[in-house]
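Participant: please find the sequence and the predicted model below.
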Amino acid sequence: MLVLNFYLLIIFTNICQHLCFKYTLPGDINWPKLSDFVELEKKIDGKTFIRGDNDFKPHTWNKITHIPKPAVIIQPKTNNDIIEALKFAKKFNIRLSVQSTGHHQDHRNIFDNSVHVDMSSMNHKEINLEKKTVTLGPGNNFTQIHNFVEEKSNKSLVVVGGADPGVGIYGWTTGGGHGPLSKQYGLGVDNLVSIDLILANNSIITASESQNAEIFRAIRGSGGGTYGIAISLTVKLHPNPGKMSIFSGTYTIDSDTADLISDWIINAPNYAFSYLIPNNYEVVKGAFFSAGCFNDSHQCEQLFEKLKIGCIPSPSIQVTCNPEYDKFANYYDFFNNAKSELGGSAYLSSTALNSLNIKEGLREILNFINIRPYTGCSGNAVLGGASSTMDQNGEKTSISKEMRNGLMAISCYSMMDESTPINDKKSQVEIMDYFAENILKKYSNWVYWNEPQHNFPKNDWKERYWGGMDNYNKLLEIKVKLDPDNLFSCYHCVGYEREFNEIPSVCPKDQCSCSNTPNGVCAKVDDIRCWYNATLYDNCKSIAYGIKISFQQLLIILILIFILV
């Protein structure tokens, strides 16, 4: 009987480790005291902000919900600062969250009651003109990077980057990474030369094609910091493509526009890229299309003349439907003219359109936008070309093949922010989830990690992000080896299913940050979240998503049962 009880105890213990809330919460007996946080602050060379401090200001790009409130924010200055943060999180069993620049839509990179590592201060830069590479800290965004490379190379070399100047290098790269130069020089994952990581065991490794190659492949497409905290990335530099001509125009949201734009994209050479942005707002309804062409102005003229058909001038937004040839002397003049979005206020879904289905796909997508107010899309026709010919078998990168085979990565959205009434928000979420599952999914099973879909009704996020379970299982195997205790975790990251994790929501209400409930249902904040009590950590009670005892308490109960029996 004793032997049987012993095995039952092991079984129950293993079950509870997966079903019970693993992380320490305010009010738990092992939640750190304020003095513990102060002691941590003394060990950090960078900046530390304890919840309750006047300068405690967590930030994120996502404006859909209230910003989650970590227990402490650490902006590291040195690698040792990061290691001290890891040690603290492990000592008290507090959830860890990590963000590079904070440019993300779905709160994967910041959690309530977490030890939050904000890498924005780790923005070192070093260029090697001989090897044509640049080494960067993960806190750099593309404005900082382009300004640095422009100066150091005298405008002769460029980095492949995103279209938004505020996007950060690390998340963009590891999620796939597409932009205006991708058709000429490949995706972000293709341009990553090496990466330095701090692992869960506090060791520092370098990963490249010749060193820790399996880890390097996993990072090139896995998205998020699920394997460790990146402290440095080295990426390729390429020749500046030179003069650039541009076109911009507005069109009606209909099938004629879908046919015109899709034909242009299918036939566009690698030196041309474009963006289609159809929107249906109260005061603005139309399809905005812009295109860039790096080449002789005569060849660009042949491309742009076709776009004048059906184009509607919009003087209020400086759209004339007249191409501007040799508008920019080089890529930097073009990029420096771009403006960064200040925050995301949209619920997203995304897919890829290829040469075989882009016409039909745009027709159906534009029809949806036309009849649904407060919806829109951003179609990035920057895929194909060089990005479609690199690593076709997925031996060096882990992105989905459907991303490589596409011509346009299109993300659609319903506009909302934290002030949107809860019922309106739920309705918009339901509409977009239906649109994603019944329209976008028809054209590609792929969802772009960097512009994520929040809800997956069929729970098929692993297949959708990484192109199938075979690829995902390879990523998970490496994850388990490097991080057996799942220290680095986030919503729908590799390894997310290994234990109970908080599920972010898009519907805030009152003091609820909604980072713990699925499908737009807002949880009560009283027992789960205590961030509004500032530094009064010890006055809170915790709950485990409906399980009102912690793993430690349940384990004690099981041991008592074992003894009594």
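Facilitator: Structure's in. What do you need? Numbering: from 1, shown residues only.

Participant: any idea how far stretch 286-295 is from the chain center?
Facilitator: Once both centres are worked out by CA atoms, centre = their mean, to the nearest Å, stretch 286-295 turns out to sit 25 Å from its chain's centre.

Participant: ugh, typo on my part, it should be stretch 415-426
Facilitator: Averaging C-alpha positions (CA atoms, centre = their mean) puts stretch 415-426 22 Å from its chain's average.

Participant: kindly report the same for stretch 81-89.
Facilitator: Relative to its chain's centre, stretch 81-89 lies at 23 Å (CA atoms, centre = their mean).

Participant: which residues touch it?
Facilitator: Applying CB atoms under 8 Å, 6 or more residues apart in numbering, the external contacts of stretch 81-89 come out as 32, 36, 40, 43-46, 74, 76, 94-96, 114-115, 117, 198, 200, 202, 229, 231, 487. Every residue, glycine included, has its C-beta placed from N, CA and C.

Participant: drop anything exposed from those residues.
Facilitator: Buried members of the contacts of stretch 81-89, counted by 16 or more other CB atoms under 10 Å: 32, 40, 44, 46, 74, 76, 94-96, 114-115, 117, 198, 200, 229, 231, 487.

Participant: show me where the stretch 251-400 of the chain has strands.
Facilitator: Residue ranges of the strands in the stretch 251-400 of the chain, as given by DSSP state E, counting those that start in this stretch, are 272-280, 285-293, 324-328, 346-353, 375-381.

Participant: kindly reformat the ones you listed as TSV containing distance to Pro165 and mean neighbour count.
Facilitator: Listed next are these as TSV, based on distance: least, CB to CB, whole Å; neighbours: other CB atoms under 10 Å:
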stretch	distance to Pro165	mean neighbour count
strand 272-280	15	22
strand 285-293	15	22
strand 324-328	15	17
strand 346-353	19	25
strand 375-381	15	24
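
Participant: circling back to that earlier point, which ones among the buried ones among the contacts of stretch 81-89 are found in helices?
Facilitator: Leu40 (DSSP state H).

Participant: give me the subset of the contacts of stretch 81-89 lying in strands.
Facilitator: Counting by DSSP state E, the contacts of stretch 81-89 place 74, 96, 115, 117, 198, 229, 231 in strands.

Participant: of all those residues, which two lie farthest apart?
Facilitator: Val115 and Ile231 (17.0 Å; CB to CB).

Participant: so where is the stretch 351-500 of the chain shaky, pLDDT-wise?
Facilitator: Within the stretch 351-500 of the chain, the ranges that satisfy pLDDT under 70 run 417-418, 498-500.

Participant: again, 50 this time
Facilitator: Applying pLDDT under 50 to the stretch 351-500 of the chain flags the ranges 500.

Participant: which residues of it fall in helices?
Facilitator: Under the criterion DSSP state H, counting those that start in this stretch, helices of the stretch 351-500 of the chain are mapped to 358-371, 386-389, 401-404, 422-435, 441-443, 461-466, 469-482.

Participant: same thing with the stretch 201-350 of the chain?
Facilitator: Per DSSP H, counting those that start in this stretch, the stretch 201-350 of the chain carries helices over the ranges 213-222, 255-267, 297-304, 331-335.

Participant: rewinding a little: could I get the strands of the stretch 251-400 of the chain as CSV with distance to Met390?
Facilitator: Listed next are the strands of the stretch 251-400 of the chain as CSV, based on distance: least, CB to CB, whole Å:
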stretch, distance to Met390
strand 272-280, 17
strand 285-293, 21
strand 324-328, 27
strand 346-353, 16
strand 375-381, 18
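
Participant: give me the buried positions along stretch 310-328.
Facilitator: Buried, per 16+ other CB under 10 Å, within stretch 310-328: 310-311, 314, 319, 321, 323, 325, 327-328.

Participant: so which of these is the closest to Ile246?
Facilitator: Ile246 lies nearest to Lys327 out of the buried residues of stretch 310-328, by CB to CB, at 5.0 Å.

Participant: burial count for the nearest residue to the closest one once chain neighbours are set aside?
Facilitator: Closest residue to Lys327 apart from its sequence neighbours, by CB to CB, 6 or more residues apart in numbering: Ile246 at 5.0 Å. Using other CB atoms under 10 Å, Ile246 is surrounded by 18 other residues.

Participant: identify the residues contacting Ile246.
Facilitator: Contact analysis of Ile246 by CB under 8 Å, 6+ apart lists 290-293, 323-324, 327-328, 334.

Participant: and of the residues you listed, the nearest to Pro452?
Facilitator: Distance to Pro452 across the contacts of Ile246 (CB to CB) is lowest for Ser290, with 24.5 Å.

Participant: quick one: the closest residue to that closest one other than its chain neighbours from His298, how far?
Facilitator: Once flanking residues are discounted, Ser290 sits nearest to Ser248: 4.4 Å by CB to CB, 6+ apart. Per CB to CB, to the nearest Å, Ser248 is found 20 Å from His298.

Participant: looking at the two, which is more packed in?
Facilitator: Neighbour count, other CB under 10 Å: between Ser248 and His298, Ser248 has more, with 21 against 8.

Participant: re the thing from before, any idea which of the ones in strands among the contacts of stretch 81-89 is closest to Tyr23?
Facilitator: Leu96 (9.2 Å).

Participant: Val117 is in contact with that closest one, correct?
Facilitator: Yes. Counting by CB atoms under 8 Å, Leu96 does reach Val117; the two are 7.1 Å apart.

Participant: so how far is Ser400 from the residue nearest to the spatial centre of the chain?
Facilitator: Geometric centre of the chain, nearest residue: Asn450, 3.6 Å, by CA atoms, centre = their mean. Computed as CB to CB, the Asn450 to Ser400 distance reads 13 Å.

Participant: likewise Asn367?
Facilitator: On the measure of CB to CB, Asn367 and Ser400 end up 26 Å apart.

Participant: can you check Leu482 too?
Facilitator: In this structure, Leu482 and Ser400 are 22 Å apart, going by CB to CB.

Participant: the more surrounded of the two?
Facilitator: Set side by side, Leu482 and Ser400 show more neighbours around Ser400, with 26 against 22, by other CB under 10 Å.

Participant: so who does the nearest residue to that one once chain neighbours are set aside touch?
Facilitator: Here the nearest residue to Ser400 in space, its sequence neighbours aside, is Gly467; by CB to CB, 6+ apart that works out to 3.3 Å. When contacts are counted by CB under 8 Å, 6+ apart, Gly467 touches 394, 399-402, 445-446.

Participant: among those, who's most crowded?
Facilitator: Greatest neighbour count in the contacts of Gly467, by other CB under 10 Å, goes to Ile399: 29 neighbours.

Participant: surely that residue meets Thr174?
Facilitator: No. Using CB under 8 Å, Ile399 is not in contact with Thr174, being 9.7 Å away.

Participant: surely Asp391 meets Lys401?
Facilitator: No. Asp391 lies out of contact with Lys401 (CB under 8 Å); the separation is 9.6 Å.

Participant: partner residues bridging Val235?
Facilitator: Note on Val235: beta-bridge partners by DSSP bridges are Val134, Leu192.
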